[in-house]
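Undergrad: Predicted model follows, preceded by the sequence.
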Amino acid sequence: MEYRRSLLEVRDLHVEVEGKEVIRGLDLVLHRGEKLALMGPNGSGKSSLSMALMGHPGYKIKRGAIVLDGNDITGLSPDRRAKVGLFLAMQNPVVVQGLSVTNFLRAILKAKRGEEVPIREFREMLVKAMGLLEMERSFAARYVNDGFSGGEKKKLELLQMTLLNPKVAVVDEIDSGLDVDALKIVAEGINRVASEESAFLLITHYRRILDYIRPDGVAVLMEGRIVASGGPELINQIDRQGYDWLAVKTA
């Protein structure tokens, strides 16, 4: 069996929001080259986990550790986590009126590198990334998420991901609010940017995006804990039986 080094390890993680524990002793390992689906019903803690991983100040880590590529990042700020290779594709990206996509993308690249990206180099990177995602070049002149459809917002998240080339991408319900055509485009974009040197944590409530992005493994989160894990066959079982059988099993 081929050995794959872990890129992300979550160890005995406990997280509180406004005094309420939302993640309760969670352990998770994500390997290089792996796409892991994290599923669970509404309110199970999926988005809370994504916020805690990224260092949102409202999500207090009371115990445990987050280790990225062998380095403990538990105490790092969100910008430092991004610089060392963690990326969060948000479920509901914010609108930034008056800021063009081009200027926004150049700014986040500067923030990651710690220095300005030469214009020619940036343009080459941008054209290549937009071509990979089959995006119209006019998209770059629009304001960030201003008047964007649900699919366009998610495509901008993928464009950021492609340019930043993170070690680990946490994709939080990127299928939310998408019609079938937009879903296929977003899924194809993720499949294109995935590589053997990176890893994806695909957070979702339903199986539909997993029909287009075949995960290597599946973990189920309920009440802030991982209650089941396995291969892609677990998706079919959840699709047939829902989550109730897991609630009974772990009660």
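TA: Alright, I've got the coordinates. Numbering: from 1, shown residues only.
Undergrad: Tell me, how many residues neighbour residue 53?
TA: 27 (other CB atoms under 10 Å). For the C-beta atoms, the positions are set from N, CA and C on the backbone; glycine is no exception.
Undergrad: can you pull the contacts of it?
TA: Applying CB atoms under 8 Å, 6 or more residues apart in numbering to residue 53 gives the contacts 10, 66, 81, 86, 88, 170.
Undergrad: Throw the residues you listed into a markdown table and include secondary structure, thanks.
TA: Formatted as a markdown table, the contacts of residue 53 follow (DSSP: H, G, I helix; E, B strand; the rest coil):
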| residue | secondary structure |
| --- | --- |
| 10 | strand |
| 66 | strand |
| 81 | helix |
| 86 | strand |
| 88 | strand |
| 170 | strand |
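Undergrad: now the residues you listed as TSV including pLDDT, distance to residue 40 and neighbour count?
TA: As requested, those are exported to TSV (pLDDT from 0 to 100; distance: CB to CB, whole Å; neighbours: other CB atoms under 10 Å):
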residue	pLDDT	distance to residue 40	neighbour count
10	97	15	21
66	97	19	23
81	95	23	21
86	96	21	25
88	94	17	25
170	95	15	23
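Undergrad: Out of these, which is nearest to residue 152?
TA: Of all the contacts of residue 53, residue 152 sits closest to residue 88, with 18.5 Å by CB to CB.
Undergrad: ok, now how distant is that closest one from residue 222?
TA: In this view, residue 88 and residue 222 are 22 Å apart by CB to CB, to the nearest Å.
Undergrad: cool, residue 66 as well?
TA: 21 Å.
Undergrad: Name the pair among the contacts of residue 53 with the greatest separation in space.
TA: Across those (CB to CB), the longest gap, 14.3 Å, separates 10 and 88.
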